[in-house]
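Engineer: Provided below for reference: sequence and predicted model.
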Amino acid sequence: MHLIRCGALEGFESLIRSLGGNPVEQFRQVGISLSQLRDPNSFISYSKMAEVLEICSHAYRTPFLGLLLAERNKYWVLSDLLVSISQDPTVAEALAKFDRHLYLHASGVHLTITTSGDEARLELKFDFNTPLGIDQLAQKAVGQTATVLSKLMAVDRYSFKLHLRQPSPVAESTNKSGFYPQIHFGSTFDGIRLTTKDLNRRPKLDEETLQKHFIEHLQHLKARYPNNIKNQAKEIIGQLLPSGDCSMDKVASNLGLHQKTLQRKLQNENSNYRELLRETRLVIAEQYLSQGSVSITDLALNLGYAEVSEFSRHFKSWTGYSPKKWRQERFGATHY
């Protein structure tokens with residue numbers, strides 16, 4: 001089964017309601033409860049998500065639903081990947097790493113880069129289809145890739161030339177995405193056209209951009225967990241782990257607190273930073289190990305470990321099993 005983090009549907013509920021729809025009913029049609037989406041780090045079926053997007057596109061006569069949703073997705077949804085690739089020497093190398101780690105966000109989608117002369121294209125390919133198609137899913141993925149690129153290159157996301165395999169919608173829609181003027185429909189691929197010069201540029205995801213992201217994410221956390229500093233801290237930890245810089249001071253800073261203030265608040269909730277770090281790492285590790293396709297080495301790096309052996313030692317102390325054995329015991333997986 002191909003899975004995707006629920007955070008990818010951030011903004012879906014408000015979008016459907018703005019169109020006069022009932023998002024609860026749409027998800028019920030494919031056997032999913034909307035309550036399953038409340039945790040952005042939990043997973044749902046990728047193909048089910050594709051079906052919901054197609055159902056809503058037809059029901060509300062909104063042919064650009066996928067692009068509209070991509071616009072509503074905050075880039076913090078993929079910020080853990082952005083943080084991990086932002087230090088690469090070129091955009092091309094950053095995108096190659098992005099593709100290698102994309103399974104941590106969604107399994108069953110791949111990003112490939114091909115060049116011809118001065119032109120380059122970023123192509124998104126899916127390992128699945130649905131009886132209703134995946135046009136809206138392709139729109140969303142291409143739009144979200146444009147957002148990632150805009151942060152990586154410090155340019156306007158609406159400046160990219162988007163390509164979609166689907167034919168141009170026959171009926172004009174009043175609900176047009178800001179991406180619309182730059183879309184080439186009926187293309188040979190789903191993706192974005194760039195130049196080789198763009199690929200050779202150095203990524204520009206600076207500290208100011210990252211800090212802005214964490215401020216926006218903090219507002220989201222305060223709305224979601226208004227009186228629970230533990231859950232706020234755990235989400236920030238989950239965001240920072242791939243960067244390798246997940247100290248208590250860094251977590252406190254991104255929560256707008258002094259380290260001692262965070263420490264005191266956690267103590268008031270009968271917790272501490274080390275405990276939250278362990279809990280967050282364990283939850284994330286078990287989620288990705290459950291998918292079956294994750295590399296133990298990649299998982300260790302994305303949990304902030306410099307050595308796989310250190311991750312394996314910690315995981316065994318938490319569960320009684322090595323990561324490989326834990327997966328074999330539960331799912332019979334033999335690859336790692």
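Structural biologist: Sure thing, it's come through.
Engineer: now stretch 310-324, how far from the centre of its chain.
Structural biologist: 26 Å (CA atoms, centre = their mean, to the nearest Å).
Engineer: residues making contact with that stretch?
Structural biologist: 278, 281-282, 285, 289, 296, 299-300, 303, 305, 326, 329, 336 (CB atoms under 8 Å, 6 or more residues apart in numbering). C-beta coordinates here come from the backbone N, C-alpha and C atoms, glycine included.
Engineer: just the buried residues out of these, in ChimeraX syntax.
Structural biologist: Applied in ChimeraX, the following selects the buried portion of these according to 16 or more other CB atoms under 10 Å:
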select :281,285,289,296,299,300,303,305,326
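Engineer: which ones among the contacts of stretch 310-324 lie within helices?
Structural biologist: 278, 281-282, 285, 289, 296, 299-300, 326, 329 (DSSP state H).
Engineer: any chance of those residues in a markdown table, plus distance to residue 270 and pLDDT?
Structural biologist: Converted to a markdown table, the ones in helices among the contacts of stretch 310-324 look like this (distance: CB to CB, whole Å; pLDDT from 0 to 100):
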| residue | distance to residue 270 | pLDDT |
| --- | --- | --- |
| 278 | 15 | 94 |
| 281 | 20 | 93 |
| 282 | 18 | 93 |
| 285 | 24 | 89 |
| 289 | 28 | 85 |
| 296 | 33 | 88 |
| 299 | 29 | 87 |
| 300 | 29 | 89 |
| 326 | 28 | 90 |
| 329 | 31 | 81 |
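Engineer: turn these into TSV, including distance to residue 34.
Structural biologist: Shown next, in TSV, are the ones in helices among the contacts of stretch 310-324 (distance: CB to CB, whole Å):
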residue	distance to residue 34
278	31
281	29
282	27
285	27
289	27
296	34
299	29
300	34
326	31
329	33
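Engineer: show me what the helix or strand that contains residue 275 is packed against.
Structural biologist: Taking DSSP states H and E as the definition, one finds residue 275 inside helix 273-291. When contacts are defined as 3 or more CB pairs under 8 Å, 6 or more residues apart in numbering; DSSP states H and E, helix 273-291 sits against helix 229-240, helix 259-268, helix 296-302, helix 308-319, helix 323-331.
Engineer: again, 10 Å this time
Structural biologist: strand 3-5, strand 43-45, helix 229-240, helix 248-254, helix 259-268, helix 296-302, helix 308-319, helix 323-331 (3 or more CB pairs under 10 Å, 6 or more residues apart in numbering; DSSP states H and E).
Engineer: for it, which positions count as buried?
Structural biologist: In helix 273-291, the ones that count as buried by 16+ other CB under 10 Å are 273, 276-277, 280-281, 284-289, 291.
Engineer: how about JSON lines for the helices and strands packed on helix 273-291, with distance to residue 144 added?
Structural biologist: As requested, these are exported to JSON lines (distance: least, CB to CB, whole Å):
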{"stretch": "strand 3-5", "distance to residue 144": "11"}
{"stretch": "strand 43-45", "distance to residue 144": "16"}
{"stretch": "helix 229-240", "distance to residue 144": "17"}
{"stretch": "helix 248-254", "distance to residue 144": "23"}
{"stretch": "helix 259-268", "distance to residue 144": "32"}
{"stretch": "helix 296-302", "distance to residue 144": "19"}
{"stretch": "helix 308-319", "distance to residue 144": "29"}
{"stretch": "helix 323-331", "distance to residue 144": "29"}
